[in-house]
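*Asks:* The following comprises the amino acid sequence and a computationally predicted model.
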Amino acid sequence: ICLIHFYKRIEIGKKRMGKRKGRSVRKNKQVSTADEETEVSKAPHSFVVHRGQTGKFVQELTKDFRQVMEPYTASNIKVRPKNVIKDFVHVAGALKVSHLAMFTKTSVGPYLKLARFPRGPTLTFRIKEYSLGRDIRSMIKRPITYEKQYLHHPLLVMNNFPNEEREYKLCTSMFQNMFPTINVAKVKLNDLRRCVLLNYDKETGLIEFRHYTIKVVPVGLNRGVKKIVKSKVPNLGRLEDMADLLTKGAAVSDSEAEDDEQSKVELPQQISVRGAMPAQQSSVRLVELGPRMSMELMKIEDGLLEGEVMYHKFVTKTEEEVKEIRARREKRKKEKERRKKEQEANVKRKELAKAENKEKSKEGMRKKQEALTNQEKRAVKAWQGELANKDISDDDDEEWYRKEVGAEPEKELFARSRSGGSASTNQAMGKRFSKKKKTDGAGGDGGGGKFKRPRSADPKGRGRGRSEEGARGGGSRRDGPKDKKKRKMKVFNSEGVGPNYKKGGKAGGASKLRGVKGGKIGKLKKRR
């Protein structure tokens, strides 16, 4: 029985080997970048996240900056507090992400860190002032927002960045590599919907960040014609003739009078704007979308959010200090590699030890299974739904004796095992499957307090009953055919104090003994 429970546990353990995955893991779909176009796969992609306790305004600024980087950014990225930089690096290679924009906040103010995957460099900017996108749009009288604005990447415009200083050269290349390049000969004007402007102020040393949408307006049309072109119905209540709409409304609008002559260009291609035709003059206007930021370059690091400090605005180091820092960093790097090798060696050693222990345990289980007795083997096979091998005990014992002793065994040596084979099988199979032996009907004394029902010579079976002697357990039964073995009957006295056959009832009267058979209790009366 213990072995059966042991094998059941093994089967249950096998079923539980596969660990169930969590809900978030099951919902995540496998991302494949094999079917992407070459233009999309080669374009720089970015992660825009915030780290630490930044506050709700910096979090909203993060969302606005993420919208600026559309469509080549992770729009629905969800960062947990447990995530570390290694998690982003691990995912960036599979998703072809090249840049990381991270917003943080300290007691001094918010910061923006721009890093290149996987090994840096990292640029740290301190945000002096910022305005959210919703604040910018609320200030404009007629804001322009539509869905197709963010289907294509913005156009990058950089102004007044110095080329002499090394740190600003690196800053320029970082911003340029964050946005896809534009081929002037193949670009479509309908794809250029937005513009990002970065202006460097030499007096203050600040970098101004602005985000605009591009608007094209036809030039040389009066107000009445513009309304007709834009599918608007003009007000004709004050006019006597339709011609007055063209003659009296010939003055240009105030906004067109304020336009610079440099903003008026001839469109080389057809563009989806009412009234703007190719080879005709149109005006290009910028409407701000937000956010706004005024940033200051603070630090440049060699690695990904770590490494040697290449530039710092407030801290300067001598050559000796720089050499000492480099030597310390190299020493720390070597120690880290040494610890990593030790950990890998320890992991391999533990895996080998685990495999050896597993083999030893399997060998022990195999030996234990081989050392099982015949009865236990049959019990295990019966539990597994297999038929027991009836001849497994006799043949094995005799054959083993012949091989080991080298002589034929005596007849009486294994006679007991032969006779007890079926009994052991029945014992292993259970009490219900035990064979019932037929008793001989010619037996004389019926002892043990068993009530036997003798067979009558009457073919209809009349006159069957128990004799007084049979009820008391004494006397002989009538001659007749063999009777089947009856189930033992438990007898209780009249007071209900447990089985007691020898203590009978009152003398000369009906016995008050009660017999229990098959769950039924009935009074037994003496038959005189």
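*Replies:* Received it, and whenever you're ready, just let me know what you need. Residues are numbered from 1 along each chain as shown.

*Asks:* Show me where the stretch 401-528 of the chain dips below the pLDDT cut-off.
*Replies:* Along the stretch 401-528 of the chain, segments meeting pLDDT under 70 span 415-528.

*Asks:* Now with 50, please.
*Replies:* Applying pLDDT under 50 to the stretch 401-528 of the chain picks out residues 421, 423-425, 428, 440-451, 456-476, 501-502, 504-512, 525-528.

*Asks:* One more: the stretch 251-400 of the chain?
*Replies:* Using pLDDT under 50, the stretch 251-400 of the chain drops low at 251-252, 254, 256-257, 387-394.

*Asks:* and the closest residue to Gly55 other than its chain neighbours, what does it touch?
*Replies:* Leaving aside its sequence neighbours, Gly55 sits nearest to Lys105 (Cβ to Cβ, 6 or more residues apart in numbering; 6.4 Å). Yep, even glycine has a C-beta here, placed from its N, CA and C like the rest. By Cβ atoms under 8 Å, 6 or more residues apart in numbering, the contact set of Lys105 is Gly52, Gln53, Thr54, Gly55, Val58, Tyr111.

*Asks:* what's the neighbour count on the fifth one?
*Replies:* Looking back up the chat, that one is Val58. 21 (other Cβ atoms under 10 Å).

*Asks:* could you list every residue that touches it?
*Replies:* Neighbouring residues of Val58 by Cβ under 8 Å, 6+ apart: His50, Phe103, Lys105, Pro110.

*Asks:* backbone phi and psi for the residue nearest to Gly55, please?
*Replies:* Main-chain dihedrals, Lys105, degrees, to the nearest 10: phi -150, psi 140.

*Asks:* the strands in the stretch 101-250 of the chain, which residues?
*Replies:* 110-116, 122-131, 155-159, 194-201, 206-218 (DSSP state E, counting those that start in this stretch).

*Asks:* separation between Gly406 and Asp397?
*Replies:* 16 Å (Cβ to Cβ, to the nearest Å).

*Asks:* that older thread, out of the contacts of Lys105, which comes closest to Glu288?
*Replies:* Val58 (20.5 Å; Cβ to Cβ).

*Asks:* ok, now how distant is that closest one from Tyr130?
*Replies:* Taking Cβ to Cβ, one finds Val58 at 9 Å from Tyr130.

*Asks:* Give me the secondary structure label for the nearest residue to Tyr130 once chain neighbours are set aside.
*Replies:* Spatial nearest neighbour of Tyr130, excluding adjacent residues (Cβ to Cβ, 6+ apart): Met293 at 4.7 Å. What DSSP: H, G, I helix; E, B strand; the rest coil gives for Met293 is strand.

*Asks:* What segments of the stretch 251-400 of the chain are strands?
*Replies:* In the stretch 251-400 of the chain, the segments counted as strands under DSSP E, counting those that start in this stretch are 264-266, 281-288, 292-301, 309-312.

*Asks:* okay, the angle between the second one and strand 194-201?
*Replies:* Relative orientation of strand 281-288 versus strand 194-201 (axes from the mean of the first three to the mean of the last three Cα atoms, to 10 degrees): 70 degrees.

*Asks:* Name every strand pairing with strand 281-288 and say which way it goes.
*Replies:* strand 206-218 (antiparallel), strand 264-266 (antiparallel) (DSSP bridges).

*Asks:* rewinding a little: would you mind listing the residues touching both of Val58 and Tyr130?
*Replies:* Common neighbours of Val58 and Tyr130 (Cβ under 8 Å, 6+ apart) are Pro110.

*Asks:* low-scoring stretches of the stretch 51-200 of the chain, by residue?
*Replies:* If you take pLDDT under 50 as the line, the stretch 51-200 of the chain has no such spans.

*Asks:* go again using 90 as the cut-off
*Replies:* 78-82, 85-86, 93-94, 120, 140-149, 163-164, 182-192 (pLDDT under 90).

*Asks:* Spell out the residue ranges of the helices in it.
*Replies:* 56-68, 85-95, 133-139, 166-178 (DSSP state H, counting those that start in this stretch).

*Asks:* what do you get for the stretch 251-400 of the chain?
*Replies:* Under DSSP H, counting those that start in this stretch, the stretch 251-400 of the chain gives helices at 254-258, 319-370, 374-383, 392-405.

*Asks:* okay if I get those as a markdown table plus distance to Pro81 and mean neighbour count?
*Replies:* Listed next are the helices of the stretch 251-400 of the chain as a markdown table, based on distance: least, Cβ to Cβ, whole Å; neighbours: other Cβ atoms under 10 Å:
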| stretch | distance to Pro81 | mean neighbour count |
| --- | --- | --- |
| helix 254-258 | 49 | 10 |
| helix 319-370 | 25 | 10 |
| helix 374-383 | 51 | 17 |
| helix 392-405 | 64 | 13 |
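
*Asks:* Show me the one of those that comes nearest Thr73.
*Replies:* Among the helices of the stretch 251-400 of the chain, helix 319-370 sits nearest to Thr73 (Cβ to Cβ), with 32.7 Å.

*Asks:* and the closest one with helix 374-383, angle?
*Replies:* Going by the same axes, to 10 degrees, helix 319-370 makes 110 degrees with helix 374-383.

*Asks:* is Lys105 in a bridge, and if so with what?
*Replies:* Pro110.

*Asks:* I'd like the contacts of Val58 as JSON lines, with distance to Gln280 appended.
*Replies:* Shown next, in JSON lines, are these (distance: Cβ to Cβ, whole Å):
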{"residue": "His50", "distance to Gln280": "46"}
{"residue": "Phe103", "distance to Gln280": "44"}
{"residue": "Lys105", "distance to Gln280": "50"}
{"residue": "Pro110", "distance to Gln280": "46"}
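
*Asks:* Tell me which of the strands paired with strand 281-288 is the most buried.
*Replies:* With neighbours defined as mean count of other Cβ atoms under 10 Å, the strands paired with strand 281-288 peak in mean count at strand 206-218, which reaches a mean of 19.

*Asks:* That one vs strand 155-159, what angle?
*Replies:* Going by the same axes, to 10 degrees, strand 206-218 is angled at 130 degrees with respect to strand 155-159.
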